[in-house]
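Student: The following comprises the amino acid sequence and a computationally predicted model.
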Amino acid sequence: MYTIEANAGRGGATIPGEHLFLEHQHLKDESFSGLKLASFDALGCTFERCDFRKLKAPHVVLAAGKEASRYVECTFDGTRFRKLLLGPARLERCRFLDVKITDLFSHSAEFVDCVFSGTISGAAFYGTVVGMDAEFTSRRLNEFRGNDFSAMKFSDVTFRQGVDLRLQKLPAGDDYFLLEGAEAKLAVVRRRHVEQPASEARKSILTYLDVLIEEAAGGQADLFLCRDSAPYLSDRIIRDLWKELANTRP
């Protein structure tokens, strides 16, 4: 495993190998732009106004291990991440424009006033620290506010366990649906469908509703739904369910 030189010059980082591991460094105005790496890992680091534009690496961990890393006013424009592990990272006023991110793991990451465009698929953002990450930090909540996702294309993306969607700008369009006051509305709609005659369609609908009810019961008051999160349901059934939920009054 390699490290960046501690005294890398302003505007350019010295990279001695294809695996880049940064540990306990405070870097300002450094450029990692255009680097092609096998991996990028940061442990207990702070990055201020650093340039990660068009960084390419199949393995990226923004905050490795048990120690948080902080990114302030950093730029990630044009990045292509096939697997992005955030760890206990905190990102403040960072920019992710024209990005393509596949499989994002965000169990203990915080996002504040960040702006996004491009595409992201296979991602879950959490308002509460979950999983093994909960064993590594005394922090229990992830600050998640002021983020602008309005120019993003979401594919199978969810917000879970306490992300306040009222504090975010979200994508709009026929492929998305914001369900406010989710738990009570889902319960009403589920009761209606339980009373329907048994069928494969009814079984799939109940499966879908049960998944959403579990997310709502886990602390997510409002749900942001993507059409392609339930490929086992047809477009017509999804549209009808969303319309039914939108018109339901508990």
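Tutor: Sure thing, it's come through.
Student: Might you report the residue contacts of the residue positioned nearest the centre of the chain?
Tutor: Nearest to the geometric centre of the chain sits Phe125, at 4.0 Å (C-alpha atoms, centre = their mean). Contact analysis of Phe125 by C-beta atoms under 8 Å, 6 or more residues apart in numbering lists Ser106, Ala109, Phe111, Phe144, Val157, Thr158, Phe159, Arg160, Val163. C-betas here are computed from N, CA, C, even on glycine.
Student: Lowest pLDDT pick from those residues?
Tutor: Among the contacts of Phe125, Ser106 has the lowest pLDDT, at 88.
Student: How many residues are close by Thr75?
Tutor: Residues near Thr75, counting by other C-beta atoms under 10 Å, number 19.
Student: Please apply the same query to the one 3 residues further on.
Tutor: For Gly78, the neighbour count with other C-beta under 10 Å is 18.
Student: And for Thr46?
Tutor: Using other C-beta under 10 Å, Thr46 has 17 neighbouring residues.
Student: buried residues in stretch 202-209?
Tutor: Of the residues in stretch 202-209, Ile205, Tyr208, Leu209 count as buried by neighbour count, 16 or more other C-beta atoms under 10 Å.
Student: Can you get me the centre-to-centre distance for it and its chain?
Tutor: Relative to its chain's centre, stretch 202-209 lies at 26 Å (C-alpha atoms, centre = their mean, to the nearest Å).
Student: what residues does it touch?
Tutor: The contact list for stretch 202-209, computed with C-beta under 8 Å, 6+ apart, reads Leu186, Val189, Arg190, His193, Val194, Gln196, Ala230, Tyr232, Leu233, Ile237, Leu241.
Student: Looks to me like the second one is in a strand.
Tutor: If I follow you right, that is Val189. No: looking at Val189 with DSSP: H, G, I helix; E, B strand; the rest coil, it is helix, so not inside a strand.
Student: ok, it to Gly44 distance?
Tutor: 47 Å (C-beta to C-beta, to the nearest Å).
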